[in-house]
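Peer 1: predicted structure and sequence below. I'll ask about it afterward.
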Amino acid sequence: MIMQFSLETQGKWQYVEAEEELLREVENRYDLEVERFAREGPIYVLQTSAGLKALKKSDLTQFELDYITHSLADIDKQGCTSVVVPLPAGDGSRYFRFEDSYYFLMDWVKGRHCDYLNEKDAVAVAKTLGRLHDASQGIKFDPVPDTRWLLGFWPLHFSRRLDQMKAFAREARQKTVQSSFDRLYLRDFDHYYRQGIDGLEKLADSSYFELCQDLSLRAFCHRDLAYHNIVMNGEGIKFLDFDYSMVDLGLHDLADLLLRNLVLLDWNWKRAKRILAAYSSVVPLDHRAYPVLAAFLQFPHEYWQIGLQYYYEKQRWSEEYFLARYERKLKSPDLRQRFLNTFTKAFA
């Protein structure tokens with residue numbers, strides 16, 4: 001069984017003295033005793049007198065943390081069991097400031113990460129995602145940071161990403177000595193840029209703005225449904241890490257889930273149908289939703305993202321890693337186009 005972060009079974013346990021000031025703060029605020037801890041990045045797993053807990057350091061603003069923690073607490077009150085709500089401290093707050101960062105404490109979730117190669121896992125995640133969105137429709141999103149409200153902004157985001165793709169290609173062309181990645185990115189630029197234009201045009205021809213006005217379709221979207229953010233156990237599924245969450249159409253998360261499966265499985269049509277059926281068994285999709293989904297899937301998000309990582313974020317990955325990542329994310333372009341054509345004919 002793959003444990004969350006491998007910390008619980010493989011972490012290097014340390015005693016409180018190694019992080020004494022922080023952990024004493026936790027003890028005072030949450031009325032418990034910390035016995036020892038293990039750490040991986042911003043995550044601590046704590047052995048405490050109240051059982052295993054997860055402590056997370058956050059770089060989010062106080063406004064963003066208020067929005068996320070209040071939303072998760074409200075969704076939990078709706079009876080949704082797939083979220084892990086930060087625990088309230090003695091003063092009722094669900095996070096605290098220590099030195100220059102915010103922290104929040106949660107119950108530790110035992111289980112394994114989901115495996116998108118396993119169809120049963122993918123279908124179960126799709127159905128649970130529907131339940132999360134359904135529960136979030138019953139809460140009030142007020143207030144919400146401007147940066148966390150995506151309803152009605154897809155066309156603007158698509159346009160900005162197209163502009164960024166052009167900027168990435170321009171940077172690659174202007175290099176005196178082009179890297180292997182530069183040449184690969186430029187080789188495929190015209191193809192994927194055209195797909196981006198097509199996606200934007202499909203969105204304009206869809207009922208996107210009409211759907212955005214439908215209050216029943218507004219959802220608390222996770223927006224990072226990577227396998228390691230989903231833990232499965234005998235009690236069900238838990239979604240972790242809502243740092244990127246936004247208020248948007250639930251179709252955003254659904255499209256993200258579809259893409260993660262389709263890229264992995266060479267654009268398998270049957271997998272897409274199973275995911276759509278599982279999600280819509282909880283949140284029914286009417287005829288207006290499918291052209292919007294088609295537009296989202298048409299846009300080359302993977303191509304834009306790897307360009308962003310290479311040219312803008314300048315991630316410190318090796319050239320070989322970038323090339324392998326490009327191959328993995330953008331393999332089978334013919335199968336991708338065939339899938340898009342099939343999806344459009346079937347639904348849009």
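Peer 2: Yep, that arrived.

Peer 1: buried set for the strand or helix carrying Tyr192?
Peer 2: Using DSSP states H and E, Tyr192 falls within helix 180-205. Residues 181-182, 184-185, 189, 192-193, 195-196, 199-200, 202-203 are the ones in helix 180-205 that count as buried (16 or more other CB atoms under 10 Å). Where C-beta positions appear, they are placed from N, C-alpha and C, glycine not excepted.

Peer 1: gap between that helix and the chain center?
Peer 2: From the chain centre to the centre of helix 180-205 is a distance of 23 Å (CA atoms, centre = their mean, to the nearest Å).

Peer 1: stretch 152-163 too?
Peer 2: Computed by CA atoms, centre = their mean, the separation of stretch 152-163 from the middle of its chain amounts to 18 Å.

Peer 1: and it, which residues are buried?
Peer 2: 154, 158, 161-162.

Peer 1: what does stretch 312-323 give?
Peer 2: Residues of stretch 312-323 classed as buried: Phe322 (neighbour count, 16+ other CB under 10 Å).

Peer 1: name the residues that touch that stretch?
Peer 2: Residues outside stretch 312-323 that contact it (CB atoms under 8 Å, 6 or more residues apart in numbering): 164, 168, 179-181, 184, 306, 309-310, 325.

Peer 1: got the contact list for Glu64?
Peer 2: Shown in contact with Glu64 (CB under 8 Å, 6+ apart): 145, 147-148.

Peer 1: name the member of those residues with the most neighbours.
Peer 2: Arg148 (21 neighbours; other CB atoms under 10 Å).

Peer 1: next, the distance between the ends of stretch 322-336.
Peer 2: 21 Å (CA to CA, to the nearest Å).

Peer 1: before we move on, what about stretch 33-44?
Peer 2: Using CA to CA, one end of stretch 33-44 lies 15 Å from the other.

Peer 1: which parts of that stretch count as buried, going by neighbours?
Peer 2: Buried residues in stretch 33-44 (16+ other CB under 10 Å): 34, 36-39, 43-44.

Peer 1: stretch 70-90 now?
Peer 2: Neighbour-count burial for stretch 70-90, counted by 16+ other CB under 10 Å, picks out 70-72, 74-75, 80, 82-87, 89.

Peer 1: could the C-alpha coordinates of it be exported in CSV?
Peer 2: Presented in CSV, the C-alpha positions along stretch 70-90 are these (Å, rounded to 0.1, in the frame of the first residue of the first chain):
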residue,chain,number,x,y,z
HIS,A,70,-14.7,28.4,5.2
SER,A,71,-15.7,26.7,2.0
LEU,A,72,-14.3,23.3,3.2
ALA,A,73,-16.2,23.6,6.5
ASP,A,74,-19.4,24.5,4.7
ILE,A,75,-19.1,21.6,2.3
ASP,A,76,-18.5,19.3,5.3
LYS,A,77,-21.7,20.6,6.9
GLN,A,78,-23.5,19.6,3.7
GLY,A,79,-22.6,16.0,4.5
CYS,A,80,-19.8,15.6,2.0
THR,A,81,-17.2,13.2,3.3
SER,A,82,-14.6,13.7,0.6
VAL,A,83,-12.9,16.8,2.1
VAL,A,84,-10.5,17.1,5.1
VAL,A,85,-11.4,20.2,7.0
PRO,A,86,-8.6,22.1,8.9
LEU,A,87,-9.2,21.6,12.6
PRO,A,88,-10.4,24.5,14.8
ALA,A,89,-8.0,25.7,17.4
GLY,A,90,-9.1,26.6,20.9
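
Peer 1: look at Arg88 and tell me its secondary structure.
Peer 2: Wrong residue type there; residue 88 is Pro, not Arg. Assigned by DSSP: H, G, I helix; E, B strand; the rest coil, the conformation of Pro88 is coil.

Peer 1: that one contacts Phe96, correct?
Peer 2: No - here Pro88 does not reach Phe96: they are 10.8 Å apart, not a contact under CB atoms under 8 Å.

Peer 1: flag the shaky bits of the protein, pLDDT-wise.
Peer 2: Where the chain drops to pLDDT under 70, the residues are 1-11, 348.

Peer 1: the helix holding Tyr192 - contacts with which helices or strands?
Peer 2: Using 3 or more CB pairs under 8 Å, 6 or more residues apart in numbering; DSSP states H and E, the elements in contact with helix 180-205 are helix 154-174, helix 289-298, helix 301-307, helix 319-329.

Peer 1: returning to that earlier point: from the buried residues of stretch 33-44, which is closest to Glu235?
Peer 2: Of all the buried residues of stretch 33-44, the one with the least separation from Glu235 (CB to CB) is Ile43, at 21.1 Å.

Peer 1: list the contacts for Trp149?
Peer 2: Contacts for Trp149 (CB under 8 Å, 6+ apart) come out as 141, 246-248.

Peer 1: specify the beta-bridge partners of it.
Peer 2: When bridges are called by DSSP bridges, Trp149 pairs up with Val247.

Peer 1: residue at max distance from the center of the chain?
Peer 2: Relative to the centre of the chain, the most outlying C-alpha is that of Thr176, 36.9 Å out, by CA atoms, centre = their mean.

Peer 1: rewinding a little: drop anything exposed from the contacts of stretch 312-323.
Peer 2: Buried residues within these, counting neighbours by 16+ other CB under 10 Å: 168, 181, 184, 306, 310, 325.

Peer 1: and the gap between the second one and Ile306?
Peer 2: Counting by CB to CB, to the nearest Å, the gap between Phe181 and Ile306 amounts to 9 Å.

Peer 1: save the contacts of Glu64 as CSV, and put in distance to Ala272 too.
Peer 2: Converted to CSV, those look like this (distance: CB to CB, whole Å):
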residue, distance to Ala272
Pro145, 33
Thr147, 30
Arg148, 28
